[in-house]
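Peer 1: structure for the following, please:
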Amino acid sequence: MTPQMFRHEAQMLTHLGANALWAELQAVLDEPGGWVALLLEDVPGRPPDMTRPDDIALVLAGTDQLVEQLSDRATGLDIATYAQSFTRYDELWPAIPDLPPGVLPVWARDHADEFQARQPDLIASAVGNAVIHNDIRNDNLIVREDGSLVFVDWGVARAGASWVDPLVVRLEWVEHPTFDDLVHQSPALANLGDDQVTTFLFTFGAWLAYRTTVAVDTGLPTLNDFRTRESARLLEGARRRRCS
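Peer 2: This next block holds a predicted model:
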């Protein structure tokens, strides 16, 4: 898995070229059947503190700048689309009734059909020609010494609609009402609509829970703990929004 992600990141950064919003690719080592290594620009700085209002504002504004830069940049890229990624959820829905107790909350099992019915509209809304970073979170961001923001780790970038990154970055607060306020501040997410935002949270959360039961993660021993933790947060966000 990791070598493929490094190759994908090299492909993305080569296509995108240099920009102050991301660390520039300096060199690539890719030995057939061997090591894959990337040399990136050294970016002195720190991760943003997502408890500080000024850092939160910086991250949200920086994401808007990134979306602007990446609009229509997927032309000529041979990469998976976000809509294609959603098709993996086809195996989720029939598996839900047979998941072991405790993998999904009872309320999620009871309402899975409701969210499955919304899935086609969500897939349609994900179609687009933007490059999507798709993994914007605290540990993939650097605040430069001059206060500007840098996005790193492009290993799961996709092509698709411009609403994805503004939603992904807001998942930091997904289990809290703050998330809803931040969603309403984004024109892209306002256009997507509350129902589709909630459907995304449920589907992604349920998928992560399902993957804890079937995934084989050679060399990534902490990944299932991550899935469990993030699934709980996403599903709590979906439950809170559906019941509000």
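Peer 1: how about the helices in this protein?
Peer 2: Along the chain, counting by DSSP state H, helices occupy 2-16, 53-70, 82-86, 92-95, 106-125, 164-170, 177-184, 187-192, 194-214, 223-243.
Peer 1: among those helices, which is the most enclosed?
Peer 2: Sort these by mean neighbour count, taking mean count of other C-beta atoms under 10 Å, and helix 164-170 sits at the top with a mean of 24. To be clear about C-beta, it is placed using only N, CA and C from the backbone, and glycine gets the same treatment.
Peer 1: centre of the chain to that helix, how far?
Peer 2: 7 Å (C-alpha atoms, centre = their mean, to the nearest Å).
Peer 1: what mean pLDDT does that helix get?
Peer 2: Averaged across helix 164-170, pLDDT comes to 97.
Peer 1: stretch 137-157 now?
Peer 2: 96.
Peer 1: and it, end to end?
Peer 2: Between the opening and closing residues of stretch 137-157 there is a gap of 13 Å (C-alpha to C-alpha, to the nearest Å).
Peer 1: any buried residues in that stretch, and which?
Peer 2: The neighbour-count criterion (16 or more other C-beta atoms under 10 Å) identifies 137, 140-143, 149-155, 157 as the buried residues of stretch 137-157.
Peer 1: so can I have CSV of those residues showing distance to Gly34?
Peer 2: Supplementary listing: the buried residues of stretch 137-157 in CSV, determined by distance: C-beta to C-beta, whole Å:
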residue, distance to Gly34
Arg137, 30
Asn140, 26
Leu141, 31
Ile142, 29
Val143, 35
Leu149, 35
Val150, 29
Phe151, 29
Val152, 24
Asp153, 22
Trp154, 22
Gly155, 19
Ala157, 24
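Peer 1: understood, closing this out.
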